[in-house]
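1. this is a predicted model, with the sequence first.
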Amino acid sequence: MNQDGLGLSDFLGPLLMSGIGGTLLYFGLPSSGPVKCGDSVMSPGEWCGPAGHTQLHGGSNYDTIAAEQHAASVPLMVFGIILLGLGLLWFIVFIHVALRNSR
């Protein structure tokens, strides 16, 4: 902060922190969409082996792959929420300081 008040560059830190936090939160949320084995879309009851879909046992079944592909990343969500919250708090403090200094 400079002595004359807050400039645009003073708000880049909290905005950047909030943006990174929001991005991490987005990527940590559970995903949706088709279950895939390589480039092929799987159906319930299918198995994914080294050569793609196969009915033979060996590899991962549809349910296992669906759980892995649609799982949430808890550490990314938690870290994203923390960064987003701190960035917004930092931004609110700067707004408060700017309004107080303008009086």
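-> Looks like it came in fine. Residues are numbered from 1 along each chain as shown.

2. and the lowest mean pLDDT element among the helices and strands of the protein?
-> When each helix and strand of the chain is scored by mean pLDDT, DSSP states H and E, strand 52-54 comes last, with a mean of 57.

3. now do the buried residues in the longest helix along the chain.
-> The longest helix of the chain (DSSP state H) is helix 74-101. Neighbour-count burial for helix 74-101, counted by 16 or more other Cβ atoms under 10 Å, picks out L76, M77, F79, G80, L83, L84, G87, L88, W90, F91, F94. Bear in mind the C-beta positions are built from the backbone N, C-alpha and C, glycine included.

4. again with stretch 34-43
-> Buried residues in stretch 34-43, counting neighbours by 16+ other Cβ under 10 Å, are found at V35, C37, M42.

5. find the nearest non-adjacent residue to the second one, please.
-> Sequence neighbours aside, C48 is the residue nearest to C37 in space, at 3.4 Å (criterion: Cβ to Cβ, 6 or more residues apart in numbering).
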